[in-house]
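In: Mind folding the following:
(4 chains)
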2 protein chains.
Amino acid sequence: MFSTRGRYALRVMIDIAEQGKNGHTPLKDIAERQQISKKYLESIVKDLVKAGLLKGSSGKGGGYELCRDPGDYTVGEILEASEGRFAAVACLETASDECPRSAFCKTLPLWTEFNEVTRNFFYSKKLSDLLN
Amino acid sequence: MFSTRGRYALRVMIDIAEQGKNGHTPLKDIAERQQISKKYLESIVKDLVKAGLLKGSSGKGGGYELCRDPGDYTVGEILEASEGRFAAVACLETASDECPRSAFCKTLPLWTEFNEVTRNFFYSKKLSDLLN
DNA sequence: CGAAAACCTATTGACAAGGTAGGTAAAAGG
DNA sequence: CCTTTTACCTACCTTGTCAATAGGTTTTCG
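Out: Okay, here's the model as predicted:
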């Protein structure tokens, strides 16, 4: 359900949060600490910047920093931004091209309910809950 | 998180349950009703038989039947039997080859807790809850 | 015997996951 | 101004799994 993208994204956010409020954290350092390929992290962090969760600064002394307080991030939004979706089952991924069975499908309510439970779980957890 | 195998397996179980207690249900009929390739269903049903969830009878007039009352199946065991696993995150799939980060990983508790929530959800739902 | 069913083994095509490679632009220090 | 350090960008590749096919063999009943 969650691939490395989401898991790594979460670890990046935690890592930056732990470096403290002041200053920028270069991706190179994060990659070393987290033992993840810097190149791969680049593609993940890009999504986080695009989603407005991180802010990057180029040049010497640059790096990434949080846009808000760790308590103001939900785990759910971090996962959704990095994974690009948030659904346990393909039936629910796109509301647009809906499954033709949806009107009478006996399993759809199950998946819908599970999706609710899942969203509830991750959107009620804060990034700050994962520190320390 | 759940692929077609698990979703189809659930629909097969529901289909058979709806055919009533008496008699066998041929896979051909299930495939037609559910609009799923019979060949593909074969491979899924095999797992269900192996797990002791279904019983097959060869020969003319044969087919599949439930081994127990629909109220005695949990959705969780059906999904686990057909998917072959039951974990939202790769970290938790195999207890054997454990992630080297597990001792200090800040995200592991999150995944573990989510796994608990998920198992709880699906193992408290019965097959009979999906009928009608 | 013959039809209808389960059961068995292998193969395939497509696609995404996970990661590389090789750059260009920006910003600061000297 | 020039070099270093950083983010940022585009393309590519490799591997594995998903979803499904193909083509059988065995079992059982009428």
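
In: give me the number of residues near the residue of chain A found nearest DNA strand D?
Out: Closest residue of chain A to DNA strand D, CB to the nearest atom of the strand: A:Gly56 (2.7 Å). The C-beta positions use only the backbone N, C-alpha and C, and glycine is treated the same way. Per other CB atoms under 10 Å in any protein chain shown, the neighbour tally for A:Gly56 reads 15.

In: Just the element for it, please.
Out: Applying DSSP states H and E as the criterion places A:Gly56 in strand A:54-57.

In: other SSEs contacting that strand?
Out: Other elements packing on strand A:54-57 under the criterion 3 or more CB pairs under 8 Å, 6 or more residues apart in numbering or on different chains; DSSP states H and E are helix A:38-50, strand A:63-66.

In: Is DNA strand C within reach of the longest one?
Out: Yes. With CB under 7 Å from any atom of the strand as the measure, helix A:38-50 is seen reaching DNA strand C through A:Lys39, A:Tyr40, A:Glu42, A:Ser43.

In: Turn those into TSV, including distance to B:Tyr73, neighbour count and pLDDT.
Out: Listed next are the residues of helix A:38-50 next to DNA strand C as TSV, based on distance: CB to CB, whole Å; neighbours: other CB atoms under 10 Å in any protein chain shown; pLDDT from 0 to 100:
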residue	distance to B:Tyr73	neighbour count	pLDDT
A:Lys39	47	9	97
A:Tyr40	42	13	97
A:Glu42	47	11	97
A:Ser43	43	12	97
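
In: so which of these also contact DNA strand D?
Out: Restricting those to those touching DNA strand D (CB under 7 Å from any atom of the strand) yields A:Glu42, A:Ser43.

In: And the residues of helix A:38-50 next to DNA strand C, which is closest to B:Gln35?
Out: A:Ser43 (38.1 Å; CB to CB).

In: how about the residues of chain A near DNA strand C?
Out: When proximity is defined as CB under 7 Å from any atom of the strand, chain A approaches DNA strand C at A:3-5, A:36-37, A:39-40, A:42-43, A:57-62.

In: Most neighbours among those, please name it.
Out: Greatest neighbour count in these, by other CB under 10 Å, goes to A:Ile36: 19 neighbours.

In: Please, where are all the helices along chain A?
Out: A:4-18, A:27-34, A:38-50, A:75-83, A:108-123 (DSSP state H).

In: What's the local residue count around A:Leu130?
Out: Counted with other CB under 10 Å, the neighbours of A:Leu130 add up to 21.

In: wait, isn't it in contact with B:Cys105?
Out: No. Counting by CB atoms under 8 Å, A:Leu130 does not reach B:Cys105; the two are 10.1 Å apart.

In: re earlier: and of the residues of chain A next to DNA strand C, the nearest to A:Ser82?
Out: Distance ranking of the residues of chain A next to DNA strand C against A:Ser82, using CB to CB, places A:Arg5 first at 4.9 Å.

In: low-confidence ranges in chain A?
Out: Within chain A, the stretches with pLDDT under 70 are A:94-97.

In: Now with 80, please.
Out: Applying pLDDT under 80 to chain A flags the ranges A:22, A:88, A:90-99.

In: Please list the residues of it that sit near chain B.
Out: By the rule CB under 8 Å from any CB of the partner chain, the part of chain A lying against chain B is A:1-2, A:4, A:7, A:10-11, A:14, A:75, A:88-91, A:106-107, A:110-111, A:114, A:117-118, A:121-122, A:125, A:130-131.

In: go with 6 Å
Out: Residues of chain A that fall close to chain B, judged by CB under 6 Å from any CB of the partner chain: A:Met1, A:Phe2, A:Leu10, A:Ile14, A:Ala88, A:Val89, A:Lys106, A:Thr107, A:Val117, A:Phe121, A:Leu130.

In: okay, now the closest residue in space to the second one that isn't next to it in sequence: neighbour count?
Out: Spelled out, that is A:Phe2. In space, and not counting its chain neighbours, A:Phe2 is closest to B:Val89: 5.2 Å by CB to CB, 6 or more residues apart in numbering or on different chains. Close neighbours of B:Val89, defined as other CB under 10 Å, add up to 20.
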